[in-house]
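A.B. asks: coords please:
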Amino acid sequence: MKSRNGDPRSKPNQPTCSHEHAALLPGAPAGAKCLERAARLFSALGDAQRLRVLHLLMAGEVCVSTIVATLGEKFPTVSQRLRVLRSEGLVARRREGSHVYYALADGHVRDLVSNALAHAEELDRPAPNPNPNPEDEE
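C.D. replies: Presented below is the predicted three-dimensional model:
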């Protein structure tokens, strides 16, 4: 059975388009394992309190006790958040004597956090007036 556009491979009631889809796709498709890993990253980033920790670490390496004091939370709570972030490769830690310091794992994490916060700010701004001429409003 031929469809409206004459192509026997397309389904009769399915819309078709005239451009080449491959040209619109960004390179090779991501593999299932890569997509699952990225989803776990976004899941870890998807908690506002963990995001607060990452935002704090954007200033540089910080001792756990400073993170606890800055956030005003209990040590076990902060430790649990740091454990999740570390398990997903978003933060790195360094021990110096009895102190443990955390930092963002790399520039990709900094970019993710920075872009997420910038995008959130954009979404929170009021939409621009589509009609800038006040005389036309009635």
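A.B. asks: confidence score at residue 128?
C.D. replies: Looking at residue 128, its pLDDT reads 77.
A.B. asks: tally of neighbours for it?
C.D. replies: Applying other CB atoms under 10 Å, we find 7 residues neighbouring residue 128. All C-beta spots, glycine's among them, are computed from the backbone N, C-alpha and C.
A.B. asks: mind checking the SS state of it?
C.D. replies: coil (DSSP: H, G, I helix; E, B strand; the rest coil).
A.B. asks: how close does it get to residue 90?
C.D. replies: Here the criterion is CB to CB, to the nearest Å. By it, residue 128 lies 34 Å from residue 90.
A.B. asks: and if you look at residue 77?
C.D. replies: On the measure of CB to CB, residue 77 and residue 90 end up 17 Å apart.
A.B. asks: out of the two, which sits in the more crowded spot?
C.D. replies: Comparing residue 77 with residue 90 by other CB under 10 Å, the one with more neighbours is residue 90, at 24 against 12.
A.B. asks: surely the more buried one is in contact with residue 106?
C.D. replies: No: applying CB atoms under 8 Å as the test, residue 90 and residue 106 come out as separate, 9.2 Å apart.
A.B. asks: residues of the host helix or strand of residue 85 that come out buried?
C.D. replies: Assigned by DSSP states H and E, residue 85 belongs to helix 75-87. Neighbour counts over helix 75-87 (16 or more other CB atoms under 10 Å) mark 78, 81, 82, 84, 85 as buried.
A.B. asks: could you pick out the longest helix of this structure?
C.D. replies: helix 107-124 (DSSP state H).
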